[in-house]
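1. Sequence plus predicted model, see below.
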Amino acid sequence: MKQSFWAKIAFKNIIENKNFYIANLVVDVFTVTAFYLFTYMTLNPGLKAAPGYGTLIVILALGCVFVALITLFFKMYTNRILSKRRNREMGLYAAWGLEYKNIDSILFYETLYIYLAGSLLGLMIGFVFQKLVYNGLFTLMKCNKDYSAGFSLTPVWITMSVFIVIDIVILVSNMRKIRKNKVISLLKEEDEAALVKKLSLLDVIKGLFGLVLIIGAYYYINSSVDLRESIEMIMVAIGVFFVGSFFVISGVVVMIEMLLKKTDKIYYKSTFFSTIAKLISRTKNNAMSLSVINILFTCVIIGASTTISLYLGTQRQASEAFKADGIVKSGNFEDRALSKEAIYDAARGVGVTVEKCNENVLLGFQTLFDIEKGVYQYEGIEAKDLPEVIEIRLLDDFNKQWNENFTLNDGEILLVTDEDLEFKDYETIDFYGEKLNVKHHFDTAKYPGVDNIKYAYENFIIVQDFDALSDLHEKLKAIGFTRELSFWCEYYISGTKDDKIKVDAILGDTLSKIPTVDYFDSNATQLRTRYARNAIFLFLGCFISLIFIMYMVFIMYYKQIEEATDDAPNVVIMQKIGMYDAEIKRSIFAENGLMFFVPVVMAFCHVAACFGMMSDIMKLFMLTDIAFMKLCVVLFCLFILLVYVLMYYGAYRVYINIVLQKETAPHHISRHADPKKAQLAKLTKLRKG
Amino acid sequence: MSEKMLELKDLHKTYCTKKGAVQYEALKGISFDAFEGDFIAIMGESGSGKTTTLNIIASLDTATEGNVIIGGTDISKMENKEICRFRREKLGFVFQDFNLLNYFTVKDNIAFPMVLLNKSKNEIDERVNELAERTNITGLLNKYPYEISGGEKQRTAVARALVCRPALLLADEPTGALDSKNSDQLMDLFKTFNDLGQTIIMVTHSIKSASKAKKVLFLKDGVIGATLDKETADDEEFENVIANFLYNVRK
């Protein structure tokens, strides 16, 4: 037979199964659009104008990879659901005598049509929205947008290539499955799915194990004190949630439903009788889909609510970055006058005054303090969860900064140790072989560092004067240290937020001309770079959440169509027995509601357990206003719950429309209510055609 | 004199295509009565209108013209909700393909109509156990329909049909999907319930099944062509009478 014949059959198949393919196509189109827009933004030269360009590119590129991976994962999963139904059809083809190569041709053309339709529509929508997304992103980033060049082939090719690879992987797996299975098992695959899977002791054990897994994951994510591990831990926890949720849904939830069935007062009520009996069967059959919905819902809340609060809290983060308005660091302490002058000149240029300028000449490096022996050493510096740093500073600078009047004699020091580490009262400490007498010992609660976020355990040694510092420096050099003395200055200026932004711009420009200045940062700079970075996070968070929501809708919609089609003959029987349409609707509403809201309730539990971890991650980004974050998360939860309720209601209407079709309703009960018979009739018609 | 249980008055049913271009008259004026304790078999060739007649009696379909009066109530004038209520209280069904719900156990399948009528658990248990014993499925009550044989499924369907003590038991080809042994067992069961006073109307192709009835109506092209009464004949004699009648008709 000519290939055109199989191409025609494949096209007719898609039309016959349009209910299933439309949902699939919508998700395909959306993921292609999202991937294209990500690629387009990543490769857009306009992005170079954004502050922190390098970081933004990395974040966007990682976003592209992530979208490609989740698309592959979810397409494989949704294909598994789709192919269950399609395999019966393929089994019929095989039973009619079609060779495997003919079935492969049909599958190939079906995949090709869906790929072309999905890619072309997705790309077209991408072209339409790319300018909007570009401008929207730059507006969110609060930086100048210079939209140029509407069309570039590179993101198009990348998108088409990625999706063709994904589709080929799925096509090959479908072809292999059909070749591997016997015709009879293809024909019976759907029937087996309709059987009631009984709850075994092993299921109960697995369910309880799942519960232990979830509780263990809750404990795990709340046990770490190291903020840097948060993101890694949350990923691990989500993986555990998924496995645990699957076991809990297929074991514990079904067990609860079984217990309800055993409770005569509940079960033998007309409202619950059919609901509970059907739930037992449906929950177990749908455990995997419900676990996927559960994880998608959890990820959407965590991903979207954190990126939304991160973006909306940008102002807070920037203000929180330093206690001062800005910091200048120079690798050469001899340039301190130049740097200071630049700060004062910039302030004068804007018409504001420098209210305070804390200068420090210092020697700083990573170290480890042996608390028992009072010894600073280099060995084992990786032992702590946060790095431990020491800065040796001058008494004069210290007194000025804190308005103190300490005095020190030769060989004496002031010791300021980190408030989170337990120190003893030392009379002397051993500083790399040098004995130093501790005149006073304080902790950082009294003399905190300028950073508001804890990157390290901070210790300060305040020495008598520059000679003492140089002396220590020479001794350290003698044992192999290479660090040089540096200069550091934090400044406070008067004026409004706009004035400070102007000072920042002038100062940044001046300092860039002093080669020894290796670090300049301010709250105003923080605001600019944070808006850019947070906008990208928001962009990624919202787009990926939308993709997740699309998959959630797809799974829910598809499951409803699939189950409604299977349930239609049951509903006809119920009608024949004398159940009212209203009773049937009530029963289905309760049944679907209980089934689809179990994963949501579990997702809220996961989010509540992850909240500590989410706020830790936010602290990494200097969003320390937890009340604000909590408000964002709660509002988003309410919003997504509303969206889910609407999705559920839509899916419920689809279900009802299928099971209570006019021609199947009594008084007018159809004589061909069995969808499989109808499907067979359609196929036979197609074959004849 | 027994009470009149069912009265069909001049039933007509016309099927139309969607656009109304083609019409097909399935029933062309069916009238007959059934009294309490009757066991009526309806026979006829495919397309003669027997299943349509049964569906109209069962209120699963509506007549184009005519009336169906069950226990003095004209169901052709009822609203949908009233019909559902009437169906669950007064009618019992047995179908060729059993129509059991796969997600219910055998026990729940039988109990379902009683639960819909909000009967108490004790009442349900008592009645289900009684019927399970009569239909010989006591040992299967906790199994699911896909775990039992065709004959057992049909006996479950009979128990379900009778659980609410319906005024009328309607059966559409109840032995159509059964082997001869199971068919005989099922018809014996029907006869037992009929002896206990249950009114039964059954559509069948099987002469042997029809011979268990007290009266046989022969439908041809949408009208009742003939009626045979069993009177004092036993099953075997009546089977021969039906067979001879059909032989003569065909001849």
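-> It's in.

2. do you know how far the closest residue in space to B:Asp229 that isn't next to it in sequence is from B:Phe32?
-> Distances taken as Cβ to Cβ, 6 or more residues apart in numbering or on different chains put B:Lys215 closest to B:Asp229, at 5.3 Å, once the chain neighbours are dropped. No exception for glycine: its C-beta is placed from N, CA and C like everyone else's. Distance of B:Lys215 to B:Phe32, computed by Cβ to Cβ, to the nearest Å: 9 Å.

3. Mind listing the shared neighbours of the two?
-> B:40, B:227 (Cβ atoms under 8 Å, 6 or more residues apart in numbering or on different chains).

4. A:Thr275 and A:Leu260, how far apart?
-> Computed as Cβ to Cβ, the A:Thr275 to A:Leu260 distance reads 9 Å.

5. hang on, the earlier thing: backbone phi and psi for the residue nearest to B:Asp229, please?
-> With angles defined as degrees, to the nearest 10, B:Lys215 shows backbone torsions of phi -150, psi 140.

6. Over to A:Lys198. Which of the three states is it?
-> What DSSP: H, G, I helix; E, B strand; the rest coil gives for A:Lys198 is coil.

7. Pull the number of nearby residues for it.
-> 13 (other Cβ atoms under 10 Å in any protein chain shown).

8. Over to the one 5 residues further on?
-> One way to gauge burial is a neighbour count; for A:Asp203, by other Cβ under 10 Å, it gives 19.

9. where's it relative to chain B, distance?
-> Computed with Cβ to the nearest Cβ, to the nearest Å, the distance linking A:Asp203 and chain B is 17 Å.

10. A:Thr275 and A:Leu260 - which one has more neighbours?
-> Per other Cβ under 10 Å, whichever of A:Thr275 and A:Leu260 has more neighbours is A:Thr275, with 24 against 16.

11. still on that earlier bit, quick check, the residue nearest to B:Asp229 in contact with B:Glu231.
-> No. The criterion here is Cβ atoms under 8 Å, and B:Lys215 misses it with B:Glu231 at 9.4 Å.

12. and the stretch 101-250 of chain B, which of its residues are near chain A?
-> B:101-104, B:108, B:111-113, B:115-118, B:120-121, B:124, B:144, B:146, B:160 (Cβ under 8 Å from any Cβ of the partner chain).

13. Please list only the buried members of these.
-> B:101-104, B:108, B:111-113, B:115-116, B:124, B:144, B:160 (16 or more other Cβ atoms under 10 Å in any protein chain shown).

14. on that earlier part again, between B:Lys215 and B:Glu231, point out the one with more neighbours.
-> Neighbour totals were compared for B:Lys215 and B:Glu231, and B:Lys215 leads with 19 against 10 (other Cβ under 10 Å).

15. The more buried one pairs with what?
-> Beta-bridge partners recorded for B:Lys215 (DSSP bridges): B:Ile40, B:Asp229.

16. Any residue of stretch A:270-286 touching chain B?
-> Yes. Counting by Cβ under 8 Å from any Cβ, chain B has neighbours in stretch A:270-286: A:270, A:273-274, A:277-278, A:280-282.

17. Which element, helix or strand, includes the residue of the stretch 51-200 of chain B found nearest chain A?
-> Nearest to chain A in the stretch 51-200 of chain B, going by Cβ to the nearest Cβ, is B:Arg88, at a distance of 2.8 Å. Secondary-structure element containing B:Arg88, defined by DSSP states H and E: helix B:80-90.

18. continuing past that helix, what's the next helix or strand?
-> Taking DSSP H and E, what comes next after helix B:80-90 is strand B:91-95.

19. what comes into contact with that next one?
-> Strand B:91-95 is contacted by residues A:576-578, B:58-59, B:70, B:99, B:154, B:157-158, B:160-164, B:166-174 when judged by Cβ under 8 Å, 6+ apart.

20. ok now that strand, how far from the chain's centre?
-> Distance of strand B:91-95 from its chain centroid, counting by Cα atoms, centre = their mean, to the nearest Å, is 5 Å.

21. and if you look at stretch A:470-481?
-> 47 Å.

22. now swap in stretch A:99-110 and tell me
-> 38 Å.

23. Which single residue of the stretch 451-600 of chain A ends up nearest chain B?
-> Taking Cβ to the nearest Cβ as the measure, the point where the stretch 451-600 of chain A comes nearest chain B is A:Gly578, at 2.8 Å.

24. That residue touches B:Cys84, doesn't it?
-> Yes. With contact defined as Cβ under 8 Å, A:Gly578 reaches B:Cys84; the gap is 4.9 Å.

25. show me what contacts the residue of the stretch 51-200 of chain B closest to chain A?
-> Counting by Cβ under 8 Å, 6+ apart, B:Arg88 makes contact with A:577-579, B:113, B:116-117, B:164.

26. List the backbone torsions phi and psi for residue 201.
-> Unless you meant another one, I'm taking chain A. Here is the backbone geometry of A:Leu201 (degrees, to the nearest 10): phi -60, psi -40.

27. wait, chain B
-> Main-chain dihedrals, B:Ile201, degrees, to the nearest 10: phi -120, psi 120.

28. From chain A, how far off is it?
-> As for B:Ile201, its distance to chain A is 16 Å (criterion: Cβ to the nearest Cβ).

29. what's the burial count for that residue?
-> Neighbour count for B:Ile201, taken as other Cβ under 10 Å: 25.

30. residues in contact with A:Phe543?
-> A:34, A:37-38, A:63, A:67.

31. State which strand of chain A is the longest.
-> Longest strand of chain A, by residue count under DSSP state E: strand A:354-370.

32. Just checking: what are the partner strands of it?
-> Strand A:354-370 pairs in its sheet with strand A:375-377 (antiparallel), strand A:388-394 (antiparallel), strand A:486-493 (antiparallel), by DSSP bridges.

33. Give me the buried positions along whichever helix or strand comes after the last one.
-> Reading on from strand A:486-493 to the C-terminus, the next helix or strand found by DSSP H and E is helix A:497-511. Of the residues in helix A:497-511, those buried by neighbour count under the rule 16+ other Cβ under 10 Å are A:499-508, A:510-511.

34. Around chain B, which positions in the stretch 251-400 of chain A sit nearby?
-> Taking Cβ under 8 Å from any Cβ as the criterion, the stretch 251-400 of chain A approaches chain B at residues A:264-265, A:268-270, A:273-274, A:277-278, A:280-282.

35. The same query, at a cut-off of 10 Å, please.
-> A:261, A:264-265, A:267-274, A:276-282 (Cβ under 10 Å from any Cβ of the partner chain).

36. Can you tell me the element residue 154 falls in?
-> No chain specified, so I'll use chain A. Per DSSP H and E: helix A:153-180 holds A:Thr154.

37. my question was about chain B
-> Element membership of B:Gln154, judged by DSSP H and E, is helix B:150-162.

38. Could you give the average pLDDT over that helix?
-> Averaged over helix B:150-162, pLDDT sits at 90.

39. Report the contact partners of the nearest residue to B:Glu89 once chain neighbours are set aside.
-> Among residues not flanking B:Glu89 along the chain, B:Cys164 sits closest, at 6.4 Å (Cβ to Cβ, 6+ apart). By Cβ atoms under 10 Å, 6 or more residues apart in numbering or on different chains, B:Cys164 lies in contact with A:577-578, B:88-92, B:112-114, B:116-117, B:119, B:127.

40. Surely B:Cys164 forms part of a helix?
-> No. Using three-state DSSP, the assignment for B:Cys164 is coil, not a helix.

41. Show the backbone phi and psi for it.
-> phi -100, psi 20.
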